[in-house]
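1. need a 3D model of the sequence below.
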Amino acid sequence: MIQIRKSSERGNADHGWLNSYHTFSFADYHDPRFMGFRQLRVINEDRVQPGRGFGTHPHRDMEIISYVLDGALEHKDSLGTGSIIRPGEVQRMSAGTGVTHSEFNHSKSSVVHFLQIWLLPEKEGLPPSYEQREFPPAQRRDQLRLVAARDGRDGAVTIHQDVDLYAALLSPGTSVEHSLRAGRHAWLQVAAGEVTLNGKNLAAGDGAAVSDESSVRIEAIESSEVLLFDLA
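-> Got it, this is the predicted structure:
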């Protein structure tokens, strides 16, 4: 069974400096049909204007992943971390018992376009922590590259939940396939381009929940970038 979440049906909050599209209920946007999927709680597609950003704010008990599509986003947090997140890099912040952080676009001309992803942790009260890794295009080209996992295998960032997150850059006409073990589910998020998922068309910004399927097959209609979550 595949349930498609169309880009045009997402919630939207345009604050001027930030234009954010919410796949699931978030902040002032509430839709009881879309409160998340399995352990996946938030997918926000954010565009931050030049010279603007998120001021320092707190989080608790959440696994937060940032995936930059265009531009460069500066990160600072109460753990003492200071970094720049660029395309091809995956940032993981475990909020745990509590952390404050900020993000800023220092460019004078370029918008930062990124996905903000929240996963529910497997337990509350974990120590806050931070991790960032680079996954060059060659590692993601026409293949599903594991970028986040509970066991941190294959160089992925470590998340505190039974979720495997894959990223792929697909050339037109190429396809990738991922098997789902019994009882597992998947969510596909199309970051750019247009693909088919088990024969169903999805465009940029679209997502899809997959249950009771033995595998997912993703074929690129045009050059595309996708994220695939394998969820318990």
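2. with adjacent residues omitted, what lies nearest to the spatially most central residue of the chain?
-> Centroid-nearest residue in the chain: residue 117, 4.3 Å away (criterion: Cα atoms, centre = their mean). Closest residue in space to residue 117, ignoring its immediate chain neighbours: residue 65 at 4.1 Å, by Cβ to Cβ, 6 or more residues apart in numbering. The way it works is simple: take the backbone N, C-alpha and C, and place the C-beta from them, glycine included.
3. what is the subsequent helix or strand relative to the strand or helix carrying that neighbour?
-> Taking DSSP states H and E as the criterion, residue 65 maps to strand 63-70. Where DSSP H and E defines the elements, the next helix or strand beyond strand 63-70 is strand 73-77.
4. contacts for that next one, please.
-> With Cβ atoms under 8 Å, 6 or more residues apart in numbering as the contact definition, strand 73-77 has outside contacts at 48, 53, 56, 66, 81-86, 91, 93, 99-106, 112, 114, 130.
5. distance from the chain centre to it, please.
-> Mean-position distance between strand 73-77 and its chain equals 17 Å (Cα atoms, centre = their mean, to the nearest Å).
6. re the thing from before, show me which of the contacts of strand 73-77 are buried.
-> Using 16 or more other Cβ atoms under 10 Å as the burial test, these include 48, 53, 66, 81, 85, 91, 93, 99, 101, 103-105, 112, 114, 130 as buried.
7. quick one: the helices in this structure?
-> Secondary structure of the chain (DSSP state H): helices at 137-140.
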